[in-house]
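Q: kindly generate the corresponding structure for this input.
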Amino acid sequence: MGSLPKTGFIRRFQLAKALGIHVTTIDRWVNDGKLPAPVKPGEKVTAFKAEEIQDWLKSKSVKDESEW
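A: Sure, this is the predicted structure:
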């Protein structure tokens, strides 16, 4: 996960690539409340706050992927 920024914003496709999942899985996790809600830093841009994603990743264990 070292490829994700610690500050700023993370786009959906960046997060999906880092986690090895599809972007639609990211959307489903957001809808299910499993991921922090994204923000709109621009009119046509949807992204996640990097700090929130880093905290979320710390709260997850690699062995616990079945709960994702």
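Q: what is the least confident helix or strand in this structure?
A: Every helix and strand of the chain was ranked by mean pLDDT, DSSP states H and E. The lowest is strand 39-42, at a mean of 91.
Q: list the strands paired with it, with their directions.
A: In the sheet, strand 39-42 lines up against strand 45-49 (antiparallel) (DSSP bridges).
Q: just the helices from the protein, written as ranges.
A: 12-19, 23-31, 50-59 (DSSP state H).
Q: quick one, which of those is packed in tightest?
A: Across the helices of the chain, averaging neighbours per residue (mean count of other Cβ atoms under 10 Å) puts helix 12-19 on top, at a mean of 17. Glycine gets a C-beta too; all of them are placed from N, C-alpha and C.
Q: tell me what that one is packed against?
A: Other helices and strands packing on helix 12-19, by 3 or more Cβ pairs under 8 Å, 6 or more residues apart in numbering; DSSP states H and E, are helix 23-31, strand 45-49.
Q: now for residue 39: which residues touch it?
A: Residues in contact with residue 39 (Cβ atoms under 8 Å, 6 or more residues apart in numbering) are 9, 46-49.
Q: sorry, back to before: need the helices and strands packed on helix 12-19 in CSV (columns: distance to residue 15 and mean pLDDT).
A: Formatted as CSV, the helices and strands packed on helix 12-19 follow (distance: least, Cβ to Cβ, whole Å; pLDDT from 0 to 100):
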stretch, distance to residue 15, mean pLDDT
helix 23-31, 6, 97
strand 45-49, 6, 95
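Q: and these as a markdown table, adding distance to residue 56?
A: Listed next are these as a markdown table, based on distance: least, Cβ to Cβ, whole Å:
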| stretch | distance to residue 56 |
| --- | --- |
| helix 23-31 | 10 |
| strand 45-49 | 9 |
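Q: these: which one's closest to residue 17?
A: helix 23-31 (9.0 Å; Cβ to Cβ).
Q: any figure for the gap between residue 13 and residue 30?
A: As judged by Cβ to Cβ, to the nearest Å, residue 13 and residue 30 stand 14 Å apart.
Q: kindly report the same for residue 16.
A: Residue 16 is 12 Å from residue 30, by Cβ to Cβ.
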